[in-house]
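Trainee: I would like the atomic coordinates for the input below:
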Amino acid sequence: MKKLLIAVVLIIGVFIASVLTYRLASPEIVISNFSQLTAEEIIIQLPSNRIVFGEVVSEAESAIYYSASQADGTYNYSVKFPGKPVFSGSCGYVTNSDYGKRLQLVLLGPEVVECRESNKIF
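Mentor: This next block holds a predicted model:
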């Protein structure tokens, strides 16, 4: 019985370590909405993927992990606020195997977006 308990604890430990490693290693895009409006939709076009965020309310964040296997290029984004024209731009740089990378798009208003790139690992 003791060996079974040790095996179960080890399996759970390996599972938790795997999940944490995945979350640290996988590149991530975070949307931080500090505007007074709800963003209806945010689209991020990567060189090899298109990521669509649904509604992000004021004072909230939303995050999505994406594949590190990308062609080189920039992050192109478009943000839609209610009753406002779509605001588009580009920022940052994507490369293949960007493990641990985090791009944070900070929405400050319908036409004000800040891009912040960082690394979760180092």
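Trainee: OK, contacts around the residue nearest the centre of the chain?
Mentor: Closest residue to the average C-alpha location of the chain: I29 at 1.8 Å, with CA atoms, centre = their mean. I29 makes contacts with I44, I51, A63, I64, Y66, Y75, R102, L103, Q104, L105, as judged by CB atoms under 8 Å, 6 or more residues apart in numbering. Yep, even glycine has a C-beta here, placed from its N, CA and C like the rest.
Trainee: Now do the end-to-end distance for stretch 59-75.
Mentor: This stretch, stretch 59-75, spans 23 Å end to end (CA to CA, to the nearest Å).
Trainee: List the contacts of the residue of the chain most remote from its centre.
Mentor: Residue distances from the centre of the chain (CA atoms, centre = their mean) peak at M1, which lies 43.2 Å from the mean C-alpha position. Contacts were defined as CB under 8 Å, 6+ apart; by that measure M1 touches no other residue.
Trainee: ok, now E55?
Mentor: When the contact criterion is CB under 8 Å, 6+ apart, the partners of E55 are T38, A39, E40, E41.
Trainee: Neighbour-wise, which one of those leads?
Mentor: Ranked by neighbour count under the definition other CB atoms under 10 Å, those are headed by A39 with 25 neighbours.
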